[in-house]
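*Asks:* Structure for the following, please:
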Amino acid sequence: MSFLAHQIFGTNFVHDLSLLILYTVDGMWSEWEEFSECSVSCGGGEKSRQRYCNNPEPQYEGEDCEGDDEETMSCNEDPCPGKVIMNVILFPIPYVLNVYFIDHTQNCLKL
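*Replies:* Predicted coordinates for the structure are as follows:
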């Protein structure tokens, strides 16, 4: 029993009577984490970062954090360099036509 309870109710205060007051605690966002690595080295990809509703977490029916917990942005948007896979000589004009292959599903192919 607290000192204040002794003063208000005296020493005959019922010991197994408890008064519990819980204040709601609204959730607040943590700081943003660092961005992840870009998904590709060229040709346009995405990277993302996260934050968490734990600074503090909502308690006692407090409100959840408002807004998004993940943020994405574009990265490495420069086109991938091609790789020569075939040289075609055009006749009768003496020009060489280079045929390039660009792999858009993986990291850039090195020349």
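*Asks:* And the strand or helix carrying residue 49, what does it pack against?
*Replies:* Residue 49 belongs to strand 45-50 when assigned by DSSP states H and E. Helices and strands touching strand 45-50, by 3 or more Cβ pairs under 8 Å, 6 or more residues apart in numbering; DSSP states H and E, are strand 70-75. Where C-beta positions appear, they are placed from N, C-alpha and C, glycine not excepted.
*Asks:* quick one: the strands in this protein?
*Replies:* In the chain, strands defined by DSSP state E lie at 45-50, 70-75, 83-90, 95-101, listed in chain order.
*Asks:* how about the strand holding residue 49: buried residues?
*Replies:* Of the residues in strand 45-50, those scored as buried under the neighbour-count criterion (16 or more other Cβ atoms under 10 Å) are residue 47.
*Asks:* Neighbouring strands - and their directions - for that strand?
*Replies:* Each strand paired with strand 45-50, and its direction, by DSSP bridges: strand 70-75 (antiparallel).
*Asks:* who touches the partner strand?
*Replies:* The contact list for strand 70-75 (Cβ atoms under 8 Å, 6 or more residues apart in numbering) reads 32, 35, 38, 39, 44, 45, 46, 47, 48, 49, 50.
*Asks:* what residue ranges in the protein score low on pLDDT?
*Replies:* Per-residue confidence for the chain (pLDDT under 70) gives these ranges: 1-20, 83-111.
*Asks:* swap the cut-off to 90 and go again
*Replies:* Judged by pLDDT under 90, the chain has its weakly predicted residues at 1-23, 60-61, 79-111.
*Asks:* ok, back up a step: got the contacts of strand 70-75 as a markdown table, with distance to residue 81 columns?
*Replies:* A markdown table is the format used below for the contacts of strand 70-75 (distance: Cβ to Cβ, whole Å):
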| residue | distance to residue 81 |
| --- | --- |
| 32 | 33 |
| 35 | 24 |
| 38 | 16 |
| 39 | 18 |
| 44 | 14 |
| 45 | 16 |
| 46 | 21 |
| 47 | 21 |
| 48 | 26 |
| 49 | 29 |
| 50 | 32 |
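*Asks:* Spell out which two among those are the most distant pair, please.
*Replies:* The most widely separated members of the contacts of strand 70-75 are 32 and 44, with 22.7 Å between them, by Cβ to Cβ.
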